[in-house]
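1. Structural data only, the sequence is not supplied:
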């Protein structure tokens, strides 16, 4: 991940290079990945810019709003799933897992482009100024269901790993060092926990965002990741691997 929460394009390039080394059959897919990601990022930013009619005054959400907080934190959360899925494209030997990784990478990269497009339109930074997840605490308190975010309250807004479901630096380092046989099960475990952590964030965004497009995207993320958790559970069972405890 680079400054301002953007995903490092080198991650995608590394995945393409690793995939290309597996044989000629993989090269068209590696090329497709690069083209698809580039197109989706550009389209995501364009969607963000076109949220309001041409010439209309933009209603800018407050910096501490659910809309801004969701766009900032979900972008950071997504970036780790993109990072892990880029690894899977280059490391996994299971075509079903590679397809899942491709779907996660391309869909979430597009969503990051959309959310960062909104932040640019609103003249808001890509990273929160304070601790992450404060928008969820405030939204939950408003609904009468206070949420304990003490685990993240002591962290910088730039420390995405404090968010629910995020893998630690040590877990990501270990994942990179695993052989292909070990990698598949561990990737599925980490991705499942990551998705499960992101679903409540998306549900809160869907319920409390004031910008209709933000609420719609949050709802879509919640439903997509819920469906993908079911797919991951089936793959974990097929590989004889148990899910990780949720965090």
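-> Done, it's in. Computed from a prediction, not measured in an experiment: that's the story for all the values here. Numbers count the residues shown, from 1 in each chain.
2. Show me which residues of stretch 175-185 are buried.
-> The neighbour-count check on stretch 175-185 (16 or more other CB atoms under 10 Å) flags 175, 183, 184, 185 as buried. Quick note: C-beta positions are derived from backbone N, CA and C, even for glycine.
3. oh sorry, the question was meant for stretch 169-176
-> For stretch 169-176, by 16+ other CB under 10 Å, it's 171, 172, 175.
4. Am I right that the first one is in contact with residue 190?
-> Spelled out, it's residue 171. Yes. Here residue 171 reaches residue 190: they are 6.4 Å apart, a contact under CB atoms under 8 Å.
5. so where is this structure shaky, pLDDT-wise?
-> 1-58, 138-161, 247 (pLDDT under 70).
6. which residue ranges form the helices in it?
-> Under the criterion DSSP state H, the chain contains helices at 9-20, 27-49, 66-91, 95-121, 134-142, 150-153, 169-177, 180-208, 212-238.
7. what's the fourth one packed up against?
-> Under the contact criterion of 3 or more CB pairs under 8 Å, 6 or more residues apart in numbering; DSSP states H and E, the helices and strands touching helix 95-121 comprise helix 27-49, helix 66-91, helix 180-208, helix 212-238.
8. looking at the ones you listed, which is buried most?
-> Highest mean neighbour count among the helices and strands packed on helix 95-121 (mean count of other CB atoms under 10 Å): helix 66-91, with a mean of 25.
9. what residues are up against the spatially closest residue to residue 62 that is not a sequence neighbour?
-> Nearest-residue entry for residue 62: residue 68, 7.0 Å, with adjacent residues in sequence omitted and distances by CB to CB, 6 or more residues apart in numbering. Contacts for residue 68 (CB atoms under 8 Å, 6 or more residues apart in numbering) come out as 61, 62, 119, 122, 124, 135.
10. most neighbours, which of these?
-> residue 135 (25 neighbours; other CB atoms under 10 Å).
11. List the residues that contact the nearest residue to it once chain neighbours are set aside.
-> Once flanking residues are discounted, residue 135 sits nearest to residue 69: 2.8 Å by CB to CB, 6+ apart. The contact partners of residue 69, by CB under 8 Å, 6+ apart, come to 128, 133, 134, 135, 136.
12. State the distance from the first one to residue 76.
-> Spelled out, that is residue 128. Remark: distance between residue 128 and residue 76 (CB to CB, to the nearest Å) = 8 Å.
13. With the third one instead?
-> Spatial separation of residue 134 from residue 76 under the definition CB to CB is 14 Å.
14. Is it possible to get CSV of the helices and strands packed on helix 95-121 that adds distance to residue 167?
-> Output for the helices and strands packed on helix 95-121, formatted as CSV (distance: least, CB to CB, whole Å):
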stretch, distance to residue 167
helix 27-49, 21
helix 66-91, 6
helix 180-208, 5
helix 212-238, 15
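15. got a list of what residue 163 touches?
-> 73, 76, 77, 132, 133, 152, 197, 201.
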